[in-house]
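Participant: 3D, please:
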Amino acid sequence: MSGGRTLRQLVTDRMVKHGLYDRPEYWDMKATQYHGLARSNWPSNVYNEQLHVRQMQVIDELLGDVSGLRVADVGCGTGRTSQHLARRGAEVVGLDFSPRAIEAAAREARDAGLEVAFQCADVLQSPDETRQGQFDIVLSLGCLTLACADEAAFERALAHLVALLRPGGRLLFVEPIHASRLLGRILRMTVDEWIRRCEQRGLRLETRGGLLFVPARYALAFVSMPLAIVAPAFRAGEWVLSLSPVLERLSDYKWLLFRAADRAPESRRDP
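Facilitator: Next up is the predicted model:
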């Protein structure tokens with residue numbers, strides 16, 4: 001079991017959530033005791049590899065050519081998405097509140113010959129003034145649903161993400177958005193509520209969708225199984241989701257791509 005944790009401990013983590021997933025100490029532990037993609041994902045790295053490829057595929061399809069663009073990867077963890085975007089030519093800044101994760105991300109990017117600027121930062125705190133209004137793309141992959149305890153915290157974090165954007169920039173969420181206790185992480189809100197609150201911030205929704213079929217995740221993510229079993233089962237789940245937009249409700253993660261107004265809005269006080 002990854003990091004020497006038992007299945008019972010992993011289930012306990014999932015039941016607690018608040019006060020665990022939203023603390024840097026938990027992700028410091030993951031960054032040092034787990035291995036590979038399990039440091040920021042599920043216990044099975046065989047499943048995580050499939051998840052990573054699918055998430056990067058969606059990000060690439062939505063963002064297109066990022067060469068030369070400035071990208072803020074908020075909640076970057078150990079830097080897997082930051083590295084991916086840097087390889088595609090983006091100028092990436094990775095931000096995360098876990099010091100150990102940032103250390104690992106910087107070390108691994110350097111070892112890979114990639115130039116990525118990593119910095120310890122909390123999405124619930126106002127961003128550095130030197131970074132405000134500087135990014136063509138701001139990406140949150142599984143960050144706000146863990147960092148935000150309630151809707152007020154979501155509003156505060158959202159204001160900080162919007163502050164990073166240049167006029168006309170894009171904000172991409174790839175998040176496990178759920179209102180239910182079973183599937184929700186810490187923040188429990190509906191997708192429509194996310195959209196409404198983003199639109200109130202002057203963002204315009206360009207596209208939405210879902211990825212990572214929930215039944216496949218429950219079957220494959222917690223216990224390592226051979227790739228010959230995991231890969232076809234994973235692909236089958238994603239195929240099911242592709243059949244109809246109505247099936248978005250069966251996806252673990254949702255993507256929401258917004259565009260900011262071409263002209264910077266009047267300043268708005270943080271909640």
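
Participant: and residue 27, what pLDDT?
Facilitator: Confidence at residue 27, expressed as pLDDT, is 81.

Participant: ugh, typo on my part, it should be residue 261
Facilitator: Note for residue 261: predicted pLDDT of 91.

Participant: Pull the contacting residues for it.
Facilitator: 167, 168, 202, 204 (Cβ atoms under 8 Å, 6 or more residues apart in numbering). (Glycine included, C-beta is placed from N, CA and C.)

Participant: State whether it is indeed within a strand.
Facilitator: No - read with DSSP: H, G, I helix; E, B strand; the rest coil, residue 261 is coil and lies in no strand.

Participant: so how far is residue 196 from it?
Facilitator: Separation of residue 261 from residue 196 (Cβ to Cβ, to the nearest Å): 17 Å.

Participant: likewise residue 139?
Facilitator: The value you get for residue 139 to residue 196, if Cβ to Cβ is used, is 21 Å.

Participant: So between those two, which is more surrounded?
Facilitator: Applying other Cβ atoms under 10 Å to residue 139 and residue 196 shows that residue 139 carries more neighbours, namely 27 against 12.

Participant: Would you confirm that the more buried one contacts residue 174?
Facilitator: Yes - counting by Cβ atoms under 8 Å, residue 139 touches residue 174, with 7.4 Å between them.

Participant: joint contacts of these two?
Facilitator: residue 59.

Participant: okay, which residue is most central for this protein?
Facilitator: residue 141 (1.2 Å; Cα atoms, centre = their mean).

Participant: Phi first, then psi, for it.
Facilitator: For residue 141, the backbone dihedrals (degrees, to the nearest 10) come out as phi -110, psi 100.

Participant: What's the separation between it and residue 51?
Facilitator: 11 Å.

Participant: And residue 85, by the same measure?
Facilitator: 17 Å.

Participant: do the same with residue 221
Facilitator: Taking Cβ to Cβ, one finds residue 221 at 8 Å from residue 51.

Participant: what's the answer for residue 167, then?
Facilitator: Taking Cβ to Cβ, one finds residue 167 at 34 Å from residue 51.
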